[in-house]
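Enquirer: when you get a sec, could you give me coordinates for this:
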Amino acid sequence: MADNSTALEFNAGLRVAQVRIARPTRQLDAVTRFYRDGLGLAVIGSFAGHAGYDGVMFGLPGSSHHLEFTQHHGDSPCGIPAPDNLLVLYVLDAGQRQDLYQRLAAVGAREVAPENPYWLDKSRTFEDPDGWRVVICAQTGV
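Expert: Model prediction:
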């Protein structure tokens, strides 16, 4: 667990040391290539054979934000994501966006039309190997 001095403070004064978003996959190797090689996220940890699970964790901007993907060595169900399940990365530099698009194409990522028309004129949307969507947005939002 992170040092309490680096904790995030929420509106109610709750101090949270880390935020990790985790989800299962049946394609851990392909998902790893998408997020590591396509998006360029850093692998900050991984494990194999832990109680029947393998996994990999990726760092997001800010050391206290992580994505984790796990794969079970059995018949663990993985739900089909709705098209509005999004990870949105706001990348303001046009050159960096172009680099991301090229890297995503190199790993075979499929570009898709966004479900919500809000994203049409300001971003591009890609599906990871499980069908979860990542939006690369050219402007910040709230």
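
Enquirer: so where's this structure shaky on pLDDT?
Expert: In the predicted model of the chain, residues 1-8, 63, 76, 142 satisfy pLDDT under 70.

Enquirer: how about the strands in it?
Expert: 8-9, 15-16, 19-24, 42-50, 53-59, 65-72, 86-90, 110-112, 123-127, 133-137 (DSSP state E).

Enquirer: mind putting these into CSV with distance to Gln102?
Expert: All C-beta spots, glycine's among them, are computed from the backbone N, C-alpha and C. Below are the strands of the chain laid out as CSV (distance: least, C-beta to C-beta, whole Å):
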stretch, distance to Gln102
strand 8-9, 33
strand 15-16, 35
strand 19-24, 26
strand 42-50, 19
strand 53-59, 20
strand 65-72, 22
strand 86-90, 15
strand 110-112, 12
strand 123-127, 12
strand 133-137, 12
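
Enquirer: I'd like the ones you listed as JSON lines, with mean neighbour count and distance to Arg97 appended.
Expert: Converted to JSON lines, those look like this (neighbours: other C-beta atoms under 10 Å; distance: least, C-beta to C-beta, whole Å):
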{"stretch": "strand 8-9", "mean neighbour count": "12", "distance to Arg97": "27"}
{"stretch": "strand 15-16", "mean neighbour count": "11", "distance to Arg97": "30"}
{"stretch": "strand 19-24", "mean neighbour count": "13", "distance to Arg97": "23"}
{"stretch": "strand 42-50", "mean neighbour count": "11", "distance to Arg97": "19"}
{"stretch": "strand 53-59", "mean neighbour count": "19", "distance to Arg97": "19"}
{"stretch": "strand 65-72", "mean neighbour count": "18", "distance to Arg97": "20"}
{"stretch": "strand 86-90", "mean neighbour count": "15", "distance to Arg97": "9"}
{"stretch": "strand 110-112", "mean neighbour count": "12", "distance to Arg97": "13"}
{"stretch": "strand 123-127", "mean neighbour count": "20", "distance to Arg97": "8"}
{"stretch": "strand 133-137", "mean neighbour count": "20", "distance to Arg97": "6"}
